[in-house]
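Trainee: Provide a 3D model corresponding to the input given below.
(chains A and B)
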Amino acid sequence: MAKKLKGYTTFDIVLIVVFSLLALIMIYPIWYVIVCSFNEGTDYIAGGIYLLPRKWTGYNYLVVFSNAKLWNAYLVTISRTILGTVIALSFTTIVSYAMSRKELPFKKVIYLINIFTMFFSGGLIPFFLIIKMIGMYDTYALYLIPCMYSVYHMIILSSYFSALPEELREAAVLDGAGEWRILFTVVIPLSTPVLATVGMWIAIGHWNSFFDSMVYTQKESLMTLQHYLNRVINSTNIDAGGITLPESVVESMTAEVITFASIVVSILPVMFIFPFVSKYFEKGIMVGSVKG
Amino acid sequence: MKEKTANSVTQIRKKKWTVNRWTLLFMASLGVVFLLVFNYAPMYGIILAFKKGDYVIDIRKAIFESSWVGFKNFEKFLIDPQFKDVIVNTLCLNLLSLLINFPAPIIFALFINEVRNKTFKKTIQTISYFPYFLSWIVFGGIILNIINPQTGILSDLLMRLKLIDAPLNLGRSEYTWGVLIVTALIKGVGWGSVIYVAAIAGIDTAMYEAADIDGAGRWGKMWFITLPSIIPTITVYLILSISNLLNSGFEQIYVFQNQINLGASEVIDTYVYKYGVLNKRYSYTTAIGLLKSIISLVLLISANFISKKITGKGIY
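Mentor: Here you go, the predicted model:
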């Protein structure tokens, strides 16, 4: 293969071209939705908007921002993401710590009870019926309790905990520390990378969750952001939320552009946080791969 | 000496029921209680599959008091006109995904590893993770607008490039599988590659140096060093994918499903949701769910068995 400038071969050039194209395909849908959310509705219907809005407008966002249902859904999702992540991470950490200790009585049996659930499940309907039977259907607790423990996360956390140096623990034991104190003063401070990673997986799961809201709730006040978005996407009406707009604006507005503006509003927090957390994603996967 | 004391301390603690061991037992049993309620109680609910519990509003009655019907619920599914579609779609979609979406991140990782410019590599990787952070509602919602035959830009672009003459309606059933596979690829390939990139980063560089001395080219090194080195990682993920074979991403299919493509998009999960949750046919859909769980378990055990025979490595 002929060597070119800076030692780049044809192979290198092909790689760069192919990967650039792939990245373009992956990122373009996001660009597209942002661009169209700033475009007038009737003009969007005409099609052919690629890189920039043709007829700029900010009214789409005005309609979206004045929609009380969206704000309520936003609040549900934000609160469940924060509360749900804290609860799930604390609970899973406590169980994982116990599972990482060889002094745990009946460790093998308890481990088996955990592992079995990864291989066999009752299925959707029995789970749905249990949710109804214990009175969790249509309650906010539904967003926090059923997802507060995951065997998969437990395995990742406990394998990390058990790899921590034993001497630190022994020192704490000699100081008369109990298991709770060891967990909070020795284990957790030493495990921030893996805790941050698992916490982020849980948080992303909460932010994007849609299934639980759709299947286990009926109340509109409990609708999550994704569930609400799904409704907006499938609806042909515009919920203007009680604000009055100039007639020309109303006439040129369509359900599509309102959908786009709602989508952009819903992914803003993700776009803002993404640059900070994408590194953790990589790290975490490496943590997870240790057990494999 | 130090080690010896530490060991004896542990040994003593292993035998005695100290406060610490009780605390640990309490901590671990929190998890067990959770699993009993949310995993094992539903397993008990499986008995509904052999009972006459359809349309019974009172769930306690449905589970505990309704009469036994043997395998009637399974038979009902076998003679259902949608049975063939549901099974074919579930199996084919997942086999396609295993053949295309499983190896894609491996290929992505192998080639991104060959990119020399560090900044470019990092940028591409970061971009490729982004779609994973979006929900299927959002990502699918955008894609549906892009591929809309009237207002979307995909048809417009292809027509301008003279690749097609008339707008392309990807909502029709003959395109459904393609749309599902391609969108899953765009959303998941970058994220899926992370694990393999990490595995490649862990390969001993001495092997590549030795290959250089032997005069191996880049393809040779990729084929004879990089790929064989990540085979253990691939095996583990392959077994997990096979056991997941019948879990056909509900949310993705739910987003792309419409009345026209139902024949190509109805899978076990969406079917169970419709007939169980929406139509209250609890026994019937529990039976279908059980069928699914058993097939998944059998697939996992066989995949693990075959893997152990061939590579000497399994996941349990």
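Trainee: any chance you could map the strands in chain B?
Mentor: Assigned strands in chain B: none (criterion: DSSP state E).
Trainee: What is the burial count for residue 106?
Mentor: Because you didn't say which chain, this covers chain A. For A:Phe106, the count of nearby residues is 13 (other C-beta atoms under 10 Å in any protein chain shown). C-betas here are computed from N, CA, C, even on glycine.
Trainee: you looked at the wrong chain, it should be chain B
Mentor: 22.
Trainee: wait, doesn't it sit right on B:Ile230?
Mentor: Yes: under the criterion of C-beta atoms under 8 Å, B:Ile106 makes contact with B:Ile230 at 7.5 Å.
Trainee: and for the two, which residues touch both?
Mentor: By the contact definition C-beta atoms under 8 Å, 6 or more residues apart in numbering or on different chains, B:Ile106 and B:Ile230 are jointly contacted by B:Tyr196.
Trainee: Tell me how many other residues crowd the residue in the stretch 151-300 of chain B that chain A sits nearest to.
Mentor: Nearest residue of the stretch 151-300 of chain B to chain A: B:Gly289, at 2.6 Å (C-beta to the nearest C-beta). By other C-beta under 10 Å, 26 other residues sit near B:Gly289.
Trainee: ok now do it, which residues does it touch?
Mentor: B:Gly289 neighbours (C-beta under 8 Å, 6+ apart): A:Gly122, A:Gly123, A:Leu124, A:Ile125, A:Pro126, B:Ala49, B:Ile268, B:Val272, B:Gly276.
Trainee: between those residues, which is closest to A:Leu83?
Mentor: A:Leu124 (24.9 Å; C-beta to C-beta).
Trainee: Check what pLDDT the closest one gets.
Mentor: Here the pLDDT value assigned to A:Leu124 is 92.
Trainee: mind checking how far it is from B:Gly171?
Mentor: 26 Å (C-beta to C-beta, to the nearest Å).
Trainee: What sits closest to the residue most central in space within chain A if chain neighbours are left out?
Mentor: Among the residues of chain A, the one closest to the centroid is A:Ile204, at 1.5 Å (C-alpha atoms, centre = their mean). Distances taken as C-beta to C-beta, 6 or more residues apart in numbering or on different chains put B:Phe133 closest to A:Ile204, at 6.3 Å, once the chain neighbours are dropped.
Trainee: Where does pLDDT dip in the chain?
Mentor: By default, I'm working from chain A. A:1-6, A:240-242, A:280-292 (pLDDT under 70).
Trainee: that's the wrong chain, I wanted chain B
Mentor: B:1-15, B:315-316.
Trainee: where's A:Ile25 relative to chain B, distance?
Mentor: Computed as C-beta to the nearest C-beta, to the nearest Å, the A:Ile25 to chain B distance reads 6 Å.
Trainee: Assess the claim that A:Glu251 and A:Glu40 are in contact.
Mentor: No: using C-beta under 8 Å, A:Glu251 is not in contact with A:Glu40; the gap is 9.8 Å.
Trainee: All the helices of the stretch 101-250 of chain A, residue numbers only.
Mentor: Here the stretch 101-250 of chain A has its helices, by DSSP state H, counting those that start in this stretch, at A:107-119, A:124-133, A:151-162, A:166-174, A:179-182, A:188-190, A:192-208, A:211-216, A:225-234, A:247-252.
Trainee: My error: substitute the stretch 51-200 of chain B in the last question.
Mentor: B:59-60, B:72-78, B:83-100, B:103-112, B:118-133, B:136-146, B:153-160, B:173-201.
Trainee: Please identify the most buried of the ones you listed.
Mentor: The highest mean neighbour count among the helices of the stretch 51-200 of chain B, using mean count of other C-beta atoms under 10 Å in any protein chain shown, belongs to helix B:136-146: a mean of 24.
Trainee: now the angle between helix A:225-234 and that one, please.
Mentor: Angle, helix B:136-146 to helix A:225-234, by axes from the mean of the first three to the mean of the last three C-alpha atoms, to 10 degrees: 20 degrees.
Trainee: Put the alpha carbons of helix B:136-146 into CSV.
Mentor: In CSV, the C-alpha atoms belonging to helix B:136-146 read as follows (Å, rounded to 0.1, in the frame of the first residue of the first chain):
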residue,chain,number,x,y,z
TRP,B,136,-36.9,4.6,22.2
ILE,B,137,-39.8,7.0,22.5
VAL,B,138,-37.6,9.9,21.6
PHE,B,139,-35.2,8.2,19.1
GLY,B,140,-38.0,6.2,17.5
GLY,B,141,-40.2,9.3,17.4
ILE,B,142,-37.6,11.3,15.5
ILE,B,143,-36.8,8.4,13.1
LEU,B,144,-40.6,8.0,12.3
ASN,B,145,-40.7,11.6,11.2
ILE,B,146,-37.6,11.3,9.1
